[in-house]
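In: next one to model:
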Amino acid sequence: QVQLVESGGGLVQAGDSLRLSCAASGRTVSSYGMGWFRQAPGKEREFVIAIDWTGDYTSYADSVKGRFTIARDKAKNTVSLQMNSLKPEDTAVYYCAAALYYSGQYSRWDYWGQGTQVTVSS
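Out: Okay, here's the model as predicted:
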């Protein structure tokens, strides 16, 4: 079993930056693809960004290209989401996920965190 815990959420203003972290425990996720999803009030959960197990390949939602980046630290068993130029429409609960069989956003996501709230004010 893998436990994922997100941190770093908060309230920021439009144009600000924020960095989320996801810490994995229970077992190493070095061979897992890792991703971030988000869910805004009244909307379905949507894919944001993901990275493969090597750390060399990433997938992005069009809405975050050029603003969000993902990175993983295998030694620390963590993955981070750097969010720049935040917009009010980025407001959502952000979830970290892990996939043993990784296919970008179409992966079968095996484990999920509980989420962290990000609120961007205009």
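
In: hey, where'd the strands end up in this protein?
Out: 3-7, 10-13, 18-25, 33-39, 46-51, 58-60, 68-73, 78-83, 92-99, 111-112, 116-121 (DSSP state E).

In: compute the number of surrounding residues for residue 117.
Out: 12 (other C-beta atoms under 10 Å). Every residue, glycine included, has its C-beta placed from N, CA and C.

In: so what sits opposite it in the bridge?
Out: Beta-bridge partners for residue 117, by DSSP bridges, are residue 93.

In: so what's it up against?
Out: Counting by C-beta atoms under 8 Å, 6 or more residues apart in numbering, residue 117 makes contact with 9, 10, 92, 93, 94.

In: out of the strands of the chain, which is closest to residue 105?
Out: Closest approach to residue 105 among these (C-beta to C-beta): strand 46-51, 4.1 Å.

In: please name the nearest non-neighbouring residue to the spatially most central residue of the chain.
Out: By C-alpha atoms, centre = their mean, the chain has its centre lying nearest to residue 36, at 2.4 Å. Excluding its sequence neighbours, the residue lying closest to residue 36 (C-beta to C-beta, 6 or more residues apart in numbering) is residue 48, at 4.4 Å.
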